[in-house]
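In: Sequence and computational prediction follow.
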Amino acid sequence: MNLSVNGEARRYLLMTPDGVAGPAPVVIALHGAAQTPESFRAYFGLDEAAAAHGFVAVYPEGEGRVWNDGRPAAMRLKLVLRPGDDVAFLVALVRRLVADGIADPARIYLTGISNGGFMVQRMACEFADLFAAYSVIMATAPANYREECHPARAVPIQFIHGTADSVISYNGFWTPVGATLSAPDSARLYAVLDGCPPATRRELPDLDTSDGTTAVLRRWEGCRDGAAVELISIENGGHQSPARVDTRPDLATPFLGLRSRDIDAGEEVWRFMSAYGAPVVPPPRAAGKPLPPSSPLRSGKTAPKEAAKEAAKDAAKPAASADQRGIKTQ
């Protein structure tokens, strides 16, 4: 499907499992650099979780197959590939999904891998009230976020990262043009922003002893406004999204390190994010502008259905659909 944003034609795939009718929960998933929505969808394995749990999966495409995330320009290929106005695109996409009756505005979530994971964090910092919860895979926090990230509310956010990632280092890295935090420090950054108490730690079951990986969960609970932060560290995992379902990896993936099959990214993303409901999609506002104390967003509770219906009246544009492998594809 296509969406015009500031004069640019932007594209996205819409996957609705059989038997799911809108307004439904929606997970928007952002691809890594150089991927297409189609290749990302085949690699990520989110469709299986969508079918199992009854949510819609949406795969947008970054301009030039790259996202204009919150890192310094030289760290995100801007000098090579021209990214579009991705913030405006994602905001417009959310509004289209609500207006078309596809998305329940109280249950819209954002996840992404690598470059897409950095873009997830930009949206969490600048438009924290747009999505109910966030999940970041194979990406850490830009070091500049220690000064520049000012979310308008406590942000429920999940990190999944391999300790042997050779592309986006688990331990962070420094360059003359910018730096990233380690995966643990990235999670701690949001835990501090969310006012969380210390984390708990537990080892997850080693369900596939042949994959060369294990997983450890650190979780910060009891945060402000009912938020939580968690980090799943894939011990010995490479620059790979964990999956227990059958996927079609990109050709480059054999060179990116071990892929864990102890957990499944789609299932873990849904487990974490589905615990949260946000109020209706808010009207446009300046990024970082605080919400009023009376905003229902600060309660962490799902908005009433009547408010959701009002949000869907903003615009009405037709949605198209076709069937593919039992999943409606747009």
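Out: Arrived safely, thanks for sending.
In: Now do the same contact list for Gly172.
Out: Thr140, Ala143, Ala179, Thr180, Leu181, Ser182, Ala183, Asp185 (CB atoms under 8 Å, 6 or more residues apart in numbering). From N, CA and C alone the C-beta is placed, and that goes for glycine too.
In: Can you name the next helix or strand after the host helix or strand of the last one?
Out: Secondary-structure element containing Asp185, defined by DSSP states H and E: helix 183-193. Remark: after helix 183-193, the chain's next helix or strand is strand 200-203, criterion DSSP H and E.
In: Do a quick rundown of the strands in the chain.
Out: Counting by DSSP state E, residue ranges of the strands within the chain are 2-5, 8-17, 24-30, 56-60, 103-113, 134-137, 157-162, 173-175, 178-180, 200-203, 214-220, 229-235, 322-324, 327-329.
In: Just the CA coordinates for the third one, please, in PDB.
Out: Extracted C-alpha coordinates of strand 24-30, given in PDB (Å, rounded to 0.1, in the frame of the first residue of the first chain):
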ATOM      1  CA  ALA A  24      -7.400  -4.700  16.100                       C
ATOM      2  CA  PRO A  25      -4.100  -4.500  17.900                       C
ATOM      3  CA  VAL A  26      -1.300  -3.500  15.400                       C
ATOM      4  CA  VAL A  27       2.400  -4.100  15.600                       C
ATOM      5  CA  ILE A  28       4.400  -1.800  13.200                       C
ATOM      6  CA  ALA A  29       7.800  -3.400  12.400                       C
ATOM      7  CA  LEU A  30      10.700  -1.400  11.000                       C
END
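In: Listing partners with orientation, what would you give for that strand?
Out: Each strand that strand 24-30 pairs with, and the sense of that pairing, follows from DSSP bridges: strand 56-60 (parallel), strand 103-113 (parallel).
In: want to throw these into CSV with mean pLDDT?
Out: Written out in CSV, the entries for those read as follows (pLDDT from 0 to 100):
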stretch, mean pLDDT
strand 56-60, 98
strand 103-113, 97
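In: that older thread, and the strands of the chain, which one's lowest on average pLDDT?
Out: Mean pLDDT is lowest for strand 322-324 among these, at a mean of 30.
In: re the thing from before, I'd like the strands of the chain as TSV, with mean neighbour count and distance to Val120 appended.
Out: Converted to TSV, the strands of the chain look like this (neighbours: other CB atoms under 10 Å; distance: least, CB to CB, whole Å):
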stretch	mean neighbour count	distance to Val120
strand 2-5	14	18
strand 8-17	19	16
strand 24-30	25	6
strand 56-60	26	12
strand 103-113	27	4
strand 134-137	29	5
strand 157-162	28	8
strand 173-175	12	19
strand 178-180	19	14
strand 200-203	10	24
strand 214-220	19	18
strand 229-235	25	14
strand 322-324	10	26
strand 327-329	17	23
